[in-house]
Structure formats: structure tokens, C-alpha cells
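Chemist: sequence? don't have it. structure:
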């Protein structure tokens, strides 16, 4: 099977080249260049469209096993494909928890049968995400995990985190830290500030994130083991990571589209679709996150795709679970709010959504290279459209971005040479 | 003139002229409360439900009497005897009550925003009788009515609010309402109980109790909400009284006949000394009477919206 993509725009050495043809034989991208006049079984006209490496998500929740009413591996990977993600790392807070090889094997097995994009499980740092006993990282690595994280819950005990770092290193597993001091969070449900005061909701101080970011950096420097900071949302965290990188600390960081597009004000009216953890922060924090993206302090844009059933979100604010659907809006939000605003070049945005997460996860993905599996997407950056949650491929529709006017629509997604999503 | 919304969810959601309308109407209603008949037919054929997810004596009884004085059917649903204990959600409870022909649902709930959430999901009018740490609009309305009766206007009044501001929905509604009506609001609290950013709403955070009450027309103590505190935010009741309790000595700088107010129930000798509670210028009982009048006015205005 020979597929020819004709007349595409492609980013080569950070510049847009036009009129590029790409040849895919079976599952491999074999050549890329101008006017490749080749016979093909299938020709795709990519005029006016970009062909980009398939996006890599370092942080999502597929809810399978245990919460299939929110999402499962089939619907979750369809949602990913619709958003342009061809490789995704899913967090272990399933039920049962992915803290052992059996659950990891289940995820990989189901993903190979029902999944339409590459699924890379992340294993738990501690058994049951309880923050006390290390999970079987070695056995899980054999089963196929690419990293460890207790995402959703912090590892509150510093000694456990220190041991997790040095033990994970032995198996070459990156450690992804959900930075939150539960005592400082103190039952809060949104950012602490004038808006939480006005709404009478318990606030989560930004220091709840900052003190743990600081701890992880110090532990990483002490143990000489890299650490990856998940979903950075505060100004101080950005600054702590910036300073650490300047010292040469082995720290990487991600943020999510909601932290550079929305502030705590989105919670007004008790909109539970604006409830997530870490919470939406202040205008000042949002600006600092954008600065961090610009100067490279923040390496990665991840989705933190966190689907929830409508019945779970249509409740009193404090009772609602945290998180939003992320796959299907991430690229468009990045393009509209970062590239169109002039904060990042398209190339920088794409790096933060492809090679950078792939490098952190140590997976051979995220590039458009001849000789490698053809994981790529066709994207229209010219025509604006409105985000419509009812069209989401995800089982869940919990998004604060419904109705947002954006640019950057995925037209096709190809995984391993096969079109898995077509608009 | 009538109220713009079908609900009263908070003073943040209504305009100054609507507050005036409620207070003017309440003035008339107070005459009914004071009369020997205590019965008008303004709400005949209407059904009012008190849906209380938290304990309350004065607010619940006050709403119930307000409804009954005007001829409405008033039903109390208390959580301990309802199907809430069987796991029914707030929406489903609201819809069930509405299906029985309810015109007004009065809700008190421990979650901030619960009345807003209910109001979005039912057609009945919803009145917030206190939600979490957010608002308690009818309490602030009765407080404002009491101040206005004494001073004739709210404009230019200086009001000191002392105590647990963080957990207090009474404080939030009073701050929002009084500022809307042109009063000045001074605040003093243990620093652990002063919510972040409250000054950005327009109230003034004072460094001492004496500064807060200086030249004030009204001194309002707030209840120490021991049941709402998950952990000790001040070291002891003794220390609270010693540094944050109101007494005749530390309010000397207030105006000579400054009103002493408290939303009740009072922890005697903690927030205020007994001598202040029982002083001539204490209007704590007048607040309670005005509570019925304000709630009558509100029920009247909300049920009369369509006819008007």
C-alpha cells in the first residue's frame, strides 16, 4: 500500500515549506520533498493544509478500567485522534489503580484491540496512590509503562518521593509529579483569591503548588535524578522552575491549555466545567505561564484530558469532580491563544506538543522523519470555527470552551500509516 | 417597579433600587406583623417550601411565619427526615418538590452556590436562606432595614463588622449590600479568619478593633461558627474574647448611640459581652422582627412578578 500526500505545508528546520509531497509505504514514511511524482494506491490532496507530526500527550486520563461511563480506551483514543494526538500517556488513577503489571497489561491489551492511537500507560509511584509504599515499578516497566506518577494525588511524604526518584531511575522511568500540598489545599475547590472570597468557596492557595514544586526540584538536585512537573499553573512555580533550570537542574515542566487561556473568573456562576486541579488561577499567573512557555521554562503542553459524566458535573460546585475534556481543544487553543497572539511560533508550539513530550517520556515519537512510522496529522490553520462539545468523540462533554471561536482544526489523523480520523 | 429575577440568590445579583423596593415593601409588611390580625391574602393559593439542609431556628421559622401571615401554604422539609438521606441529589429533590406544585423554594445549604445551581434547574422561584460561606441575603436585608429605620437612610452610614468574616455569609451579604447602598464598611477579625481580597470588594480592613469602630453608626458582631471550623483557626475561646470580642470599653470610639447588632444566635460573653447584648442601643430583637417583615416583602414581590 502506497499513500501519497500531495502539496502540503511542512515545518522543516522551524520554517514552513510549501508544496511538499509525502510518500508512505505501508506504515512507514519513506520520502518527503517537492514534486515527488509517484504512483500511489491512494492520493491525499493537502493543499492549504499543514502536515505535522502526530501530537504526543504526556498527560491524560482514559478512565479505563473502572470508570468506563466517563471514558474508555476506545472512546478516549477516538477523542485523541480527533484532537490530532497519535501517542498518549495515560495516568494510573483508574479502578483498580494501575499500580501493578496486571492492570498495565490490561490497558496495553485493550489499547491494541480497541485503541486507534498509540497508548503508553503511566504506572503509579505508590500502591493505591496512597503515597506510602512504592509500587512494583520494575515489573510494570516489563509490562510496558513509560513513566511513573501518582497524578491526581501528591506524594506528600518527602522521603517516599526521594526513594521513588532513585528507584525509578534504576529502571529508566521518568517521574511525573503532581505538585500539591494537601494540607495547604485544605479542602479548597478553586484558586484562593478575591473570586473565591466573593463566591464563598474554600480557596486553594497558589503556595499549595509552589511548595511542592520547590520540594521536587530540591529532591531532584539532591538525588541527581530528573523530575517532570505536571500541570504548572502558578507564577511562582514558573519562576522556581526557571531558576532551577538556570542552575542546571534536571527538571522539565508541562502546562495545559486551560492555564494559558482561562482564569479563576471562569468559575463565576459556579460553573463546574471550570473546576479542575490545579485550579484556574489569576490573570498574573496566566501571564507567567505564557512567559514560561515563551522562554522555554515550560517544555510541554499536555492536555490533562479528564472526562467526567454530566451527572457528576451537574452538581453543587464543591461536590463536582476536577477536570475537563482536553484532547479535542488543545491544538486549536494553543494555536489561537499562543501562535496567533505572537507568543510562540507554530514550530515552537508543535515542539511542545510533539518532540518535547516524546523526549520526556523517552518514546521514539513526535517527529516527521523518513524511515519512521507514519504518525501524522493534516491541519487547517486558516479557517476559524466554533468549538462544539456536542461533536466531541469523547464520551464526556465537560469543557469550558464550548462556543469558543478558534483556529487550528485537525482534518485527518494518521497512525502507523492508517487514517484513523477524518473530518 | 418589580424584581428583575425570578429568584433571590444573593445581594450581588440585585441592584440598589431593587433593595430599596424590598425595604420599602417590608415597611408596610411590618405593620401587618405588628397588628393583632396578622393575616392578609397576598399569597393565597401559593405554596412555599422551606428546604433546609442545615439547622436553623430563626430563619426557618421567620420564613414560615412570613408565608403563613400572607395566606400561603408553607411546608418544611428538613434533611434528617427526607429522601436526601437515601442519596437523592439536590436537582432531583428540587424537581420532585416542584412537581407537587411549589411556587417558591427557600433553600439553606452548606455548599456555596447550591441555591444558584437549584435555580438553574427548576422553574419555581428560589430564595437563598444561606449558602455555605457565600451569601445570606435576607439576613443582610433585615439588617439594612433595621439600620434604615433608625437612621432614615443607608447612605453615608459607617458600619463596623467584627468577627469571623471568612466563614460568614452574613458578612458577605452585608458588605455587598451596604456598599451598594452607599454605606462604608470597616472590618476586623482574627487574621486567620479574614478572607483574602475582601478589601477589593470595597470594605476596609482595620488594624485594631478600636480603628474599626471609630465614629461608626453601627457595630455588628458575628457569631463564632465553631461548627463550621474544621480546625482551630484561633487558639481558644478565651483568647478570642480577649482580643476580638466586643465590650463597652473597646467600642467607646463609636458614635454615642451606635446600634449594636448581631445576626444570632449569640454566644453570650464571647462575641459580645452580656452588657452590650442587653444595652439600650442593642437592636438584636428588632432585627428578628424585621426578619419576618423583609421575608414577607420578598415572598410578595417574587410571587407578584408575573401578575405585575
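Modeler: Nice, I can see it. Everything quoted here is computed from the prediction, not taken from an experiment. Residues are numbered from 1 along each chain as shown, chains lettered A, B, ... in the order given.

Chemist: Check whether the longest helix belonging to chain A comes near chain B.
Modeler: Counting by DSSP state H, the longest helix found in chain A is helix A:207-223. No: Helix A:207-223 does not reach chain B (Cβ under 8 Å from any Cβ of the partner chain); its nearest approach is 11.7 Å. Every C-beta, even on glycine, is put in place using the N, C-alpha and C of the backbone.

Chemist: Report all helices and strands that that helix contacts.
Modeler: Judged by 3 or more Cβ pairs under 8 Å, 6 or more residues apart in numbering or on different chains; DSSP states H and E, helix A:207-223 is in contact with helix A:158-170, helix A:182-185, strand A:227-229, helix A:235-247, strand A:251-255.

Chemist: how much does that helix deviate in direction from helix A:158-170?
Modeler: 50 degrees (axes from the mean of the first three to the mean of the last three Cα atoms, to 10 degrees).

Chemist: So which bits of helix A:207-223 are buried?
Modeler: A:207-221, A:223 (16 or more other Cβ atoms under 10 Å in any protein chain shown).

Chemist: and of those residues, the nearest to residue A:138?
Modeler: Closest approach to residue A:138 among those (Cβ to Cβ): residue A:223, at 17.9 Å.

Chemist: That closest one: what's it in contact with?
Modeler: Residue A:223 makes contact with A:162, A:165, A:166, A:169, according to Cβ atoms under 8 Å, 6 or more residues apart in numbering or on different chains.

Chemist: For the residue most central in space within chain B, what is the enclosing helix or strand?
Modeler: Centre of chain B computed as the mean C-alpha position; nearest residue by Cα atoms, centre = their mean is residue B:139, 1.6 Å away. Assigned by DSSP states H and E, residue B:139 belongs to helix B:137-151.

Chemist: and that helix with chain A, contact?
Modeler: No: for helix B:137-151 and chain A, the contact criterion (Cβ under 8 Å from any Cβ) is not met; the two come no nearer than 12.1 Å.

Chemist: any idea of the mean pLDDT in that helix?
Modeler: Per-residue pLDDT over helix B:137-151 has a mean of 97.

Chemist: At the contact with chain A, which residues of chain B appear?
Modeler: Within reach of chain A by Cβ under 8 Å from any Cβ, chain B has these residues: B:12, B:89-91, B:109, B:111-114, B:116-117, B:121, B:131-135, B:169, B:172, B:195-198, B:200-201, B:230.

Chemist: Quick check on these: which are buried?
Modeler: Judged by 16+ other Cβ under 10 Å, buried ones among the residues of chain B next to chain A: B:12, B:90-91, B:109, B:111-114, B:116-117, B:121, B:131-135, B:169, B:172, B:195, B:198, B:201.

Chemist: Just these: which are in strands?
Modeler: Secondary structure defined by DSSP state E assigns B:109, B:131 of these to strands.

Chemist: residue boundaries of the helices in the stretch 201-308 of chain B?
Modeler: Assigned by DSSP state H, counting those that start in this stretch, the stretch 201-308 of chain B shows helices spanning B:209-213, B:237-244, B:274-277, B:284-303.

Chemist: Would you mind giving the domain segments of chain A?
Modeler: A:2-50+A:373-422, A:54-361 (automatic domain parsing).

Chemist: want to throw the ones you listed into a markdown table with distance to residue B:163 and mean pLDDT?
Modeler: Below are the domains of chain A laid out as a markdown table (distance: least, Cβ to Cβ, whole Å; pLDDT from 0 to 100):
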| stretch | distance to residue B:163 | mean pLDDT |
| --- | --- | --- |
| domain A:2-50+A:373-422 | 36 | 96 |
| domain A:54-361 | 16 | 98 |
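
Chemist: what residue lies at the spatial centre of chain A?
Modeler: residue A:302 (2.3 Å).

Chemist: what's the nearest residue to that residue if we skip its chain neighbours?
Modeler: Spatially, and ignoring its direct neighbours in sequence, residue A:302 is nearest to residue A:59 (3.7 Å; Cβ to Cβ, 6 or more residues apart in numbering or on different chains).
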